[in-house]
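Novice: Let me see the structure of the following:
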Amino acid sequence: MGKLKQLAGQTFIYGMSSIVGRILNYFLVPLYTHCFPSSEYGIVVEMFTYIAFLRIILTYGMETGYFNFSKSENNPDLVFTTSSTSLFTTSSLFMLLGLLFAPDIAHVLDYDHHVNFVVFVVLILGTDVLTALPYARLRQQNKAIKFAVFKLIGIFVNIFLNLFFILWLPNLAQSYDIFSSIYSKDFGVGYIFIANLSANLVEMILFVPEYLKVKFRFDGNLLSRMLIYSLPLVVSGLAGMINDFFDRIAIKFFYTVPDGMADGNTFILSEMGIYGANAKIAVLMTLFIQCFRYAADPFFFSQKGNADFNPLFAKVNKYLILFGAFIFLGIMGFMDIVKYFIAESYWSGLKVVPLLLIGHLLVGMVYLQSFWYKLSAKTIYGVYIFLIGSVLTIVLDYILVPRYGYIACAFTNMVSSFVMLVVTYFWGKNYLPCDYDFRNILIFVVLSGACYFMMTFTDNLSLVPKLAINSLIIIMFAGIVIKVENLAQPLKNLANKLLKR
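Specialist: Predicted structure coming up:
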């Protein structure tokens with residue numbers, strides 16, 4: 001229980017930066033959806049999809065490699081400077097080539113009139129990669145508070161600049177000539193990219209003192225071994241990203257434009273914007289998974305080889321599912337309130353939210369199960385697993401999206417994640433055998449499904465009784481969980497400790 005508390009505590013600290021930051025960024029969604037039509041917001045969705053994919057390639061698994069070799073080499077500083085040198089070289093080369101060929105890239109993406117958007121994406125990617133290893137180093141050193149502070153500073157800069165450019169600058173431009181000279185209404189969503197790039201630059205500056213504390217050393221042999229370990233994670237990471245983000249690309253390239261539609265590109269971007277905005281509602285599940293991942297990577301690598309690792313791992317799996325079920329029921333039970341975070345014109349896409357929530361939880365479970373091949377240095381299995389998911393995602397999207405649109409994207413995400421979970425579990429049984437509490441896990445899954453089914457019968461009620469009934473359903477779910485898990489006494493003890501403080 002002490003180690004579980006350690007993991008939970010670090011998850012909370014890492015989570016505070018992510019939760020607070022994501023919640024604050026979450027409030028940008030209504031700003032975007034109210035200030036920009038869905039066709040313009042679709043540009044943002046598309047561009048940040050490319051950023052998500054390319055970040056996997058440009059970091060090429062070095063974060064996980066750093067955690068692994070910092071433990072085995074017993075010289076974290078050498079591992080850090082060697083891997084940082086590699087990332088600095090490749091990201092600088094990427095930015096140089098990206099800037100040189102920006103017009104050609106814009107032409108391929110059908111953004112000939114927005115070459116500057118491509119330039120911003122290239123710079124956002126390059127600067128983001130340069131902070132990847134410093135953040136990983138803070139996690140490896142268990143400096144969760146400094147990690148959270150740096151993250152929050154970058155987030156606040158991004159939010160402030162979004163508000164400045166989108167809300168305040170247009171009004172200032174009407175009153176003051178100095179602001180009118182830098183404001184352009186036609187620039188639109190380009191200001192979102194400027195804000196993100198500025199935040200990345202601020203975070204880079206924050207890490208300068210951290211680099212100065214480390215004596216520079218480079219080991220070519222160590223880098224070779226790190227690349228052998230880490231490069232398979234690029235393929236698995238890309239495959240996982242296909243499962244998470246290929247749906248946006250599928251909408252652009254697979255969706256059939258209705259007959260008689262004059263501007264097909266605007267229609268596609270509008271559909272992408274609606275889907276992307278509703279996917280932001282489901283991001284609360286992703287947020288929980290991300291917070292968990294920040295703490296889980298260094299935690300489980302540090303516990304490698306301990307006698308109680310397997311039972312600890314089994315408990316973490318069960319509680320991950322349990323907390324995910326609470327998040328799912330909380331969002332769906334209060335959807336009549338949650339939906340106001342996006343403009344009403346985007347509500348036609350709310351039907352994808354439950355499918356995406358389940359899919360994101362399944363992805364978190366796949367991530368946790370993947371520790372068997374990370375800890376046993378058999379990362380090639382990660383390639384196989386995520387390739388299976390990627391192929392399934394592409395095939396299902398290709399078949400279903402032209403007919404069913406973005407609802408097919410959400411369905412495909414869920415199905416592909418489930419298949420990967422099943423494959424990961426059965427392949428890893430011999431490498432990381434655990435006595436999972438399948439009885440209670442099954443109870444939680446079936447019970448949460450039944451609770452959601454009961455919530456659907458409240459759809460025709462007015463707001464207050466609907467929320468009251470859904471709250472009672474969630475409380476009932478919590479009561480059964482406490483009973484099944486025998487948590488009454490531990491929770492009582494925890495409450496007493498908190499009251500004494």
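Novice: Quick check: closest non-adjacent residue to the residue nearest in space to the middle of the chain.
Specialist: The residue lying closest to the centre of the chain (Cα atoms, centre = their mean) is Thr286, at 5.2 Å. Spatial nearest neighbour of Thr286, excluding adjacent residues (Cβ to Cβ, 6 or more residues apart in numbering): His360 at 4.9 Å. C-beta here means a position set from N, CA and C on the backbone, and glycine is covered the same way.
Novice: Now do the one you found: how many residues are near it, please.
Specialist: By the criterion of other Cβ atoms under 10 Å, His360 has 26 neighbours.
Novice: And the one helix or strand it maps to, what does it pack against?
Specialist: Per DSSP states H and E, His360 falls inside helix 353-369. Applying 3 or more Cβ pairs under 8 Å, 6 or more residues apart in numbering; DSSP states H and E, one finds that helix 353-369 makes contact with helix 220-254, helix 264-303, helix 309-333, helix 406-428.
Novice: next helix or strand past that helix?
Specialist: Helix 353-369 is succeeded, C-terminally, by helix 371-375 (DSSP H and E).
Novice: Out of the helices and strands packed on helix 353-369, which is closest to Asn74?
Specialist: Taking Cβ to Cβ, helix 220-254 is the member of the helices and strands packed on helix 353-369 nearest to Asn74, at 12.2 Å.
Novice: Mind listing what's buried along the closest one?
Specialist: 222-223, 225-227, 229-252, 254 (16 or more other Cβ atoms under 10 Å).
Novice: ok so, going back, now the helices and strands packed on helix 353-369 in a markdown table, with mean pLDDT?
Specialist: Converted to a markdown table, these look like this (pLDDT from 0 to 100):
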| stretch | mean pLDDT |
| --- | --- |
| helix 220-254 | 78 |
| helix 264-303 | 77 |
| helix 309-333 | 86 |
| helix 406-428 | 90 |
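Novice: Mind putting these into TSV with distance to Tyr66?
Specialist: Output for the helices and strands packed on helix 353-369, formatted as TSV (distance: least, Cβ to Cβ, whole Å):
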stretch	distance to Tyr66
helix 220-254	8
helix 264-303	10
helix 309-333	21
helix 406-428	23
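Novice: wait, which of those helices is closest to Asn158?
Specialist: Comparing the helices and strands packed on helix 353-369 by Cβ to Cβ, helix 264-303 comes nearest, at 15.2 Å.
Novice: what mean pLDDT would you report for the helix holding His360?
Specialist: For helix 353-369, mean pLDDT rounds to 88.
Novice: Grab the CA positions of that helix and hand them over as CSV.
Specialist: What follows is helix 353-369, C-alpha atoms only, in CSV (Å, rounded to 0.1, in the frame of the first residue of the first chain):
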residue,chain,number,x,y,z
VAL,A,353,-18.1,11.1,-26.7
PRO,A,354,-19.0,7.8,-25.0
LEU,A,355,-17.2,5.8,-27.7
LEU,A,356,-14.1,8.0,-27.4
LEU,A,357,-14.1,7.8,-23.6
ILE,A,358,-14.1,4.0,-23.7
GLY,A,359,-11.5,4.0,-26.4
HIS,A,360,-9.2,6.3,-24.4
LEU,A,361,-9.5,4.1,-21.3
LEU,A,362,-8.7,1.1,-23.3
VAL,A,363,-5.6,2.9,-24.6
GLY,A,364,-4.5,3.5,-21.0
MET,A,365,-4.9,-0.2,-20.3
VAL,A,366,-2.9,-1.1,-23.3
TYR,A,367,-0.1,1.3,-22.1
LEU,A,368,0.0,-0.3,-18.7
GLN,A,369,0.1,-3.8,-20.1
